[in-house]
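Colleague: pasting the sequence and the predicted coordinates here, then a few questions.
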Amino acid sequence: MIAQDLKSALQEVCPELQERDSLDWPAFNCPTASLVEVVKTLRDNHDFDGLMDATAIDNGMEASPRFTVVYHLYSLKNHVYVRIAAECQDDVNPVAPSLCALFKSANWMERETFDMFGIHFEGHPDMRRILMWEEYPYYPLRKEFPLAGFEEELWDPEIAAETGTKVKPAPMAGGPFVARQSAFEGEREPKAKDESWNEANEKPE
């Protein structure tokens, strides 16, 4: 009932808004042009006063729209979440409106999403990378980015000259992207982890 009530209320400000498949909380698909207005309505009229998360989905290199930004809001008064998703219309240079004017917490969340997915948030006051260095040419959470990563020059020439090394790719087996599997867990991704390289198995040329 919560989802239906919210849908009716939000469609008054965005008639194109549609319900989104969800196994937990109410979720909606919203055009990027109406994203700020919809989130403002949720905050001001429906007690969703906390932005808990801002992230994105890479739907795949063959998909169009390829990228979807996703926001999770929480109501401290009603103890419920709502999920708002908006598709970026440009598959090559994805863009979404920033929510920084509505929630200060959007600042770092959107920067992280930009850093990992390459989605630019229009209106963001400080749109720069937050995890990788500015010159890093890749977006690690895009589908074409290999699980083991890329070998890349260090961001600081002085450090590179002193250490004589590069940024090394993380091996898929035992690397930072793969948690150790216990006897109580089933087989899981990555399926190709046995083909990775590590100290005992050199990287193939």
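Modeller: Thanks, I have it. Numbers count the residues shown, from 1 in each chain.
Colleague: sketch out the low-pLDDT regions of the protein for me.
Modeller: Residue ranges of the chain with pLDDT under 70: 1-2, 148, 168-205.
Colleague: where do the strands sit along the protein?
Modeller: Along the chain, counting by DSSP state E, strands occupy 18-19, 27-29, 50-58, 67-75, 80-87, 95-97, 120-122.
Colleague: need those strands in JSON lines (columns: distance to Glu12).
Modeller: Heads up, the C-betas are built off the backbone N, CA and C, glycines and all. Formatted as JSON lines, the strands of the chain follow (distance: least, CB to CB, whole Å):
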{"stretch": "strand 18-19", "distance to Glu12": "14"}
{"stretch": "strand 27-29", "distance to Glu12": "13"}
{"stretch": "strand 50-58", "distance to Glu12": "22"}
{"stretch": "strand 67-75", "distance to Glu12": "18"}
{"stretch": "strand 80-87", "distance to Glu12": "16"}
{"stretch": "strand 95-97", "distance to Glu12": "20"}
{"stretch": "strand 120-122", "distance to Glu12": "25"}
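Colleague: what sits against the residue nearest to Val167 when sequence neighbours are not counted?
Modeller: Sequence neighbours aside, Glu152 is the residue nearest to Val167 in space, at 4.5 Å (criterion: CB to CB, 6 or more residues apart in numbering). When contacts are counted by CB atoms under 8 Å, 6 or more residues apart in numbering, Glu152 touches 136-138, 166-167.
Colleague: same thing with Glu110?
Modeller: 54, 98-100, 121, 124, 127.
Colleague: distance check, it against Leu154.
Modeller: 27 Å (CB to CB, to the nearest Å).
Colleague: thinking again about what came up before, what separation do you get for the residue nearest to Val167 and Arg142?
Modeller: 15 Å.
Colleague: from His72, how far out is the nearest residue to Gln11 once chain neighbours are set aside?
Modeller: Computed as CB to CB, 6+ apart, the closest residue to Gln11 that is not its neighbour in sequence is Leu17, at 5.3 Å. Shown here: Leu17 relative to His72, a distance of 16 Å by CB to CB.
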